Structures are given as structure tokens and as C-alpha cells.
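> What shape does this take:
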Amino acid sequence: MSKPTLRTTGLDSVSEDSAADLTPTRKTLHQNILGKLRPLPLQYRWAVWYEKHSESSSANFDDRLYLLYEDIADIATFYRVYNNYPWEKVKLRDTVHIFRKGTKPIWEDPENVNGGCWTFRVPKAKSQSFFHEIAILCLANEFQAALEAEHDHVLGISTSVRFNSDVISVWNKSGSNPKAIKALEDTIIQRLSPDLRPPSDRSYFYKRHDEHEGFKEAVETAEAKKKEEGKGAE
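Got it, this is the predicted structure:
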């Protein structure tokens, strides 16, 4: 099955100063100098995943989830991946995830199983800019800082292609912590550029993973698979 692929071998580093321009351009002398400096590491390491849509919620994730880039440790690496990703080739209802390294973008992952996400339906004209800003806020720890006092964690973000809009989500670890959920909402809305902010709360919502159809089955399947693997290792 075909899917967008990442090709980053031999690419120059892209500085944060040039991040807003998604189209690769000839770099200035200043940018070239910045590109040679060692970038500061991010607080957390991140991975990029591609998920193919399936009509069945119980479809095996091993057949539809692909790890595209396993270790984003600094902002230069993020832009090297992001600016060279073939976004226009992401197929209808397929999804790109950026998640903390070691956490899969699935409900049944131990880090996600008790969590949920804020989901925004964003018009096509603004969706790429919206996701770009959400990604930077996430990787720069802006969302996590807002949740520290509530003992919660932001685990990743997703963007999924639809007909006239894209669906963009921010995943958190605790789906039963109303203060953290509200703090995350406020931070997302306040930190987005004014022209990207949702026109009303009717265009976005929060939902726990266990409220989704197929959640229980997914968790039970994952637990059964873990037991089988445990028996095989004995």
C-alpha cells in the first residue's frame, strides 16, 4: 500500500527563523550560519507517524500505522522533517501524528488509555498553518507548561485530512482532569495567532478516548496480545 514517505538524507538544517515559510527557499547567509550552530535540544523527543484510514475501528494497527521519523530531538530536525514532508500527498482520512517518543498514537497505548483530546475542525485554507503553530507550541513545551500544575501531560498532536477541512487534535494523558482539560483549551486558543483561532467553541470539542466506539475492543485486543507475547517469552 502506498503512503507518503520522508526523505531527509543530505538536507541542510532549517532554522526557526525561516520556519513560517513552508516552501523551501534559498537560504540567506544569516540562515546558513545559524544552520551550522548546534541546535538546543527539546525537552522531550518526538516521533512522526503515518496512519492509514480503515473503515473498521478494530483493524490491526500494525497494518495501518507507520513510523516515519523516530527521533526529533531539536527544532532544526523538526523543520528538516516538516518542511520536506509531502503534505499534499496525504490521502483523504489518513492521519499524520507527532507524538512523544515511546508513545504510539493509539488509544490502547498505556500512556493514552486514560486520556483524551481536544479536536478542532479547521478549514482547508488555514489547516496547514494551524497545525504548524500547534506543532511548535507542543514541541516548545508551551502546552506542557500549562498542565504542570494539574499533573497532566500532553502526549502528541494529529492532523487528519477531510473533504472541506482537516481535523487537528491535541492529546493529553488524563481524560478525567477537568482543570487540566480547561487549561489546555485556554492555552491553545490564547497562543494561536488571532486569525487562526476558532470562531466559536462549536468548531471544536474535547472527548475521552474511552467514549469512542471500539475503544473497549481495542484495549482488550492489546491486553490479549501482550499476554500472548509474555507466554512466548517464557
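> any idea how far the residue nearest the centre of the chain is from E217?
When the chain is reduced to its mean C-alpha position, the nearest residue by C-alpha atoms, centre = their mean turns out to be I157, at 2.5 Å. Distance of I157 to E217, given as C-beta to C-beta, to the nearest Å: 25 Å. Heads up, the C-betas are built off the backbone N, CA and C, glycines and all.
> again with E148
As judged by C-beta to C-beta, E148 and E217 stand 34 Å apart.
> Low-confidence stretches in this protein?
By pLDDT under 70, the weakly predicted segments of the chain are 1-38, 56-62, 232-234.
> May I see the buried residues of the helix ranked longest in the chain?
For the chain, the longest helix by residue count, based on DSSP state H, is helix 215-233. Neighbour-count burial for helix 215-233, counted by 16 or more other C-beta atoms under 10 Å, picks out F215, A218, V219, A222.
> any idea which of the residues you listed is the one closest to I72?
For the buried residues of helix 215-233, the residue nearest I72 by C-beta to C-beta is A222; the value is 25.5 Å.
> Now the closest residue to that closest one other than its chain neighbours: phi and psi?
Leaving aside its sequence neighbours, A222 sits nearest to E108 (C-beta to C-beta, 6 or more residues apart in numbering; 3.9 Å). As for E108, its main-chain torsions (degrees, to the nearest 10) stand at phi -80, psi 0.
> Am I right that E108 is in contact with K225?
No: look at E108 against K225 with C-beta atoms under 8 Å: they stay out of range, at 9.5 Å.
> mind listing the strands in this structure by residue range?
For the chain, applying DSSP state E gives strands covering 41-51, 65-74, 95-100, 116-123, 154-161, 165-172, 204-208.
> From the chain's centroid, how far away is the third one?
Distance of strand 95-100 from the chain centroid (C-alpha atoms, centre = their mean, to the nearest Å) equals 3 Å.
> ok, now the fifth one?
What separates the centre of strand 154-161 from the centre of its chain is 3 Å, taken as C-alpha atoms, centre = their mean.
> Packing partners of it?
strand 95-100, helix 124-139, helix 142-147, strand 165-172 (3 or more C-beta pairs under 8 Å, 6 or more residues apart in numbering; DSSP states H and E).
> The longest one too?
Secondary structure elements in contact with strand 41-51, counted by 3+ C-beta pairs under 8 Å, 6+ apart, are strand 65-74, helix 75-82, strand 95-100, helix 124-139.
> if I look at K179, how far off is A149?
Remark: distance between K179 and A149 (C-beta to C-beta) = 8 Å.
> now P110
24 Å.
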